[in-house]
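Chemist: below is the sequence, then the predicted model.
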Amino acid sequence: MRRRWKWFLGILAVVLVLAYAIAFLIDEPLRRLTERQMNARMTGYTARIGHLNFHPIGFAVDLRDVVVVQDAHPDPPVLRVRRLTASVQWSAIIHGRIVADFAMDDPEAYVDRTHLVRELEDPTPVEEHGWQEALQAIYPLKLNEFRIRDGTVTYVDSERAQPVTLRDLQVVINDVRNVRSAPDVYPSPVRVEGVVFDAGRLRVEGHADFLRVPHLGVKGHVALEQVPLDALRQVVARYGFTLAAGTFSGAGNVEYAPEVKVVDLDEVRIDGLRADYAYRAHTAEPVKAAAEATAEAAKEVANEPGILLKAKRIRAGGATVGFVNEEASPRYRVFLADTDLVLENFSNQRTEGTATAKLTGRFMGSGATMVRATFRPEVDGPDFDLDARTENTDLKAMNDLLRAQAKVDVVSGVFSVYSEVRVKHGRVEGYVKPLFQDVDVYSAGQDEDKSFGQKLKEKAVEVIGKVLQNRPRDEVATVVPISGPLENPKASTWETLIGLVRNAFFEAIVPGFERARGLRR
């Protein structure tokens, strides 16, 4: 009996040695074959496999140093994988199924802006690039589990921009079906965790259908926590935005499939935002183009069946946001500090009802500001009411603006403005009432470097202003009515709102100051 066992073990050892010897001999031919088949099934991309090891026991394949490049822009590669393992799941064989498990260790996906531009220029639809077929070329069995361990995704906007990253990415996908499912069925559980921009956290719990046509479908709960926005500073800089600080958090349900697209967020929070928009001639056109594209996209999805964009509450707290006119002489900045914004029931669907917004802050760091707005479902264009007031702003803080727009400045004074506006059926009705108190234009100390003509002009303005003042309250008010058709009745609500604010400032407030001081330009 003992002798038989010796023979059995000896034969088994010989078989194993032969198996590994054969596996060693076929590793390189198999590597070349696998690489060739992968590239035959992908369009616009090329894969290279550094090493391939076939394991007879376990019927597993290890690929090492896998690199995938975009043919149109091969440097840098879009994907590097230190190790990719495919193996039979033996427990499934007991139940009569032959399936495989895939695992990627330390994959690094790298995308720069050129990659995206090239992809947009490629006439081949995304679903025809053959990624699934390329994966099956590595291992022909159907997938039961796909796992990513310690993945990294890096995006670079330009050579001078700091990369933004998603790291420590852990992904587990189970039960990847090889048969198509009904439109409302997502058979494959998905779990994703990662670190966003070195500090924020990402969590996804949901399901997917990887065979949905023309692209995959996913449905689940997504949560982002404390994502630092300043990581995007160089991305948004090309559009004239300066982003210094702030964090983003949000959570809600997402469904993305060919038949339906839903983003239903419970709450979105932006905390401690510090941002300015600087108007420059060379950035104005890109900003305008981006705004027009965004507005067009918003119109396309407005009330579109199958597309729901909704946020129960959007909050921005402790923000300071400003507008800088770099083209004016002198350059000036207007800003709102200590800003708190609450937007409730935001949606692209009129069936979701009315949205409300409340904003508070301090204009130029001093003027107590309150804005309330009600946005009704759009039927034939923007439909909203706006009630705004800013009180007791230190007018001296606005000197750069006054120098640029009215060619005059002040030594002291208080500025307030009140406005009510209603937009409906392509028309706007309302008023803007700027109010100026205790304005003192001329000061020998402040104006000692100015020309004699400018000093004389400002002194004349002050004298005329005193004649026009309401003596008991020492204030000057001018009511500017707003009535008539919208400049662009097909514009989005946000376009219309921004246009009204701009017109109120430069067509009512600054001229109101000039009238208050008796200046006629």
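Modeler: Alright, I've got the coordinates.
Chemist: C-alpha from now on. contacts and neighbour counts both.
Modeler: Will do.
Chemist: distance of the closest residue to residue 331 other than its chain neighbours from residue 369?
Modeler: Closest residue in space to residue 331, ignoring its immediate chain neighbours: residue 325 at 5.7 Å, by Cα to Cα, 6 or more residues apart in numbering. Look at residue 325 and residue 369: by Cα to Cα, to the nearest Å, they are 22 Å apart.
Chemist: where in the stretch 351-500 of the chain is pLDDT low?
Modeler: The model of the stretch 351-500 of the chain has pLDDT under 70 over residues 442-477, 488-492, 494-495.
Chemist: show me where it has its helices.
Modeler: Under the criterion DSSP state H, counting those that start in this stretch, the stretch 351-500 of the chain carries helices at the ranges 399-406, 452-468, 493-504.
Chemist: likewise the stretch 1-150 of the chain?
Modeler: Along the stretch 1-150 of the chain, counting by DSSP H, counting those that start in this stretch, helices occupy 2-41, 90-94, 113-121, 131-138.
Chemist: compare the mean pLDDT across those and name the weakest.
Modeler: Mean pLDDT is lowest for helix 90-94 out of those, coming in at a mean of 45.
Chemist: residue 393: how many residues sit nearby?
Modeler: Neighbour count for residue 393, taken as other Cα atoms under 10 Å: 22.
Chemist: any buried residues in the helix or strand containing residue 248, and which?
Modeler: Assigned by DSSP states H and E, residue 248 belongs to strand 241-256. By 16 or more other Cα atoms under 10 Å, the buried positions in strand 241-256 come out as 241-243, 245-256.
Chemist: can you pull the buried residues of the next helix or strand after that strand?
Modeler: Next in sequence after strand 241-256, counting helices and strands by DSSP H and E, comes strand 261-279. For strand 261-279, a neighbour-count test (16+ other Cα under 10 Å) marks 261-265, 267-279 as buried.
Chemist: that older thread, quick check: pLDDT value at the residue nearest to residue 331.
Modeler: On the pLDDT scale, residue 325 is placed at 90.
Chemist: show me the contacts for it.
Modeler: Applying Cα atoms under 8 Å, 6 or more residues apart in numbering to residue 325 gives the contacts 278, 279, 280, 331, 332, 333.
Chemist: now residue 187. Its backbone dihedrals?
Modeler: Phi and psi for residue 187, reported as degrees, to the nearest 10, are phi -80, psi -20.
Chemist: likewise for residue 257?
Modeler: Dihedral pair for residue 257: phi -150, psi 170, per degrees, to the nearest 10.
Chemist: any idea how far it lies from residue 266?
Modeler: As judged by Cα to Cα, residue 257 and residue 266 stand 21 Å apart.
Chemist: state the number of residues packed around residue 331.
Modeler: So residue 331, with other Cα under 10 Å, has 13 neighbours.
Chemist: for it, what are its contacts?
Modeler: 324, 325, 400, 401, 404.
Chemist: how about a cut-off of 10 Å?
Modeler: Neighbouring residues of residue 331 by Cα atoms under 10 Å, 6 or more residues apart in numbering: 324, 325, 400, 401, 403, 404.
Chemist: isn't the third one up against residue 332?
Modeler: Yes - applying Cα atoms under 10 Å as the test, residue 400 and residue 332 come out as touching, 5.0 Å apart.
Chemist: re the thing from before, ok, the buried residues of strand 241-256 vs residue 193, which is closest?
Modeler: When the buried residues of strand 241-256 are ranked by distance to residue 193 (Cα to Cα), residue 251 comes first, at 13.9 Å.
Chemist: what number of residues lie near the closest residue to the closest one other than its chain neighbours?
Modeler: Nearest residue to residue 251, sequence neighbours excluded (Cα to Cα, 6+ apart): residue 223, at 4.2 Å. By other Cα under 10 Å, 17 other residues sit near residue 223.
Chemist: so residue 223 versus residue 155, what's the distance?
Modeler: Distance, residue 223 to residue 155, using Cα to Cα: 21 Å.
Chemist: which outside residues touch stretch 275-284?
Modeler: Defining contact as Cα under 10 Å, 6+ apart, one finds that stretch 275-284 is touched by 230, 233, 236-246, 287, 290, 319-328, 332-335.
Chemist: mind redoing it with 8 Å?
Modeler: Residues outside stretch 275-284 that contact it (Cα under 8 Å, 6+ apart): 238-245, 320-327.
Chemist: now for those: which two are most distant?
Modeler: 245 and 327 (25.1 Å).
Chemist: state the pLDDT value of residue 512.
Modeler: pLDDT at residue 512 comes out at 60.
Chemist: what's the distance between residue 157 and residue 238?
Modeler: Residue 157 is 10 Å from residue 238, where distance means Cα to Cα.
Chemist: okay, the two: which has more neighbours?
Modeler: Taking other Cα under 10 Å, residue 157 and residue 238 do not tie; residue 157 has more neighbours (19 against 14).
Chemist: tell me the contacts of that one?
Modeler: For residue 157, the contact set (Cα under 8 Å, 6+ apart) comprises 112, 113, 163, 234, 235.
Chemist: residues near the fourth one, how many?
Modeler: Spelled out, that is residue 234. Neighbours around residue 234, by other Cα under 10 Å: 21.
Chemist: torsion angles phi and psi at it?
Modeler: Dihedral angles (degrees, to the nearest 10) for residue 234: phi -80, psi -20.
Chemist: quick check: pLDDT value at it.
Modeler: Residue 234 is given a pLDDT of 82.
Chemist: verify the stated contact: it with residue 162.
Modeler: Yes - under the criterion of Cα atoms under 8 Å, residue 234 makes contact with residue 162 at 6.9 Å.
Chemist: buried only: go through the contacts of residue 157 for me.
Modeler: For the contacts of residue 157, a burial check counting by 16+ other Cα under 10 Å picks out 112, 163, 234, 235.
Chemist: in strands only, show me these.
Modeler: residue 112 (DSSP state E).
Chemist: you'd agree residue 307 is up against residue 260?
Modeler: Yes - Residue 307 is within contact range of residue 260, at 6.0 Å (criterion: Cα under 8 Å).
Chemist: higher neighbour count, these two?
Modeler: residue 307 (19 against 14).
Chemist: which residue, other than its chain neighbours, is closest to that one?
Modeler: residue 261 (4.8 Å).
Chemist: quick check: the one you found touching residue 255?
Modeler: Yes - if you go by Cα under 8 Å, residue 261 and residue 255 touch, sitting 5.5 Å apart.
Chemist: what residues are up against residue 223?
Modeler: Going by Cα under 8 Å, 6+ apart, residue 223 touches 201, 202, 203, 204, 249, 250, 251, 252.
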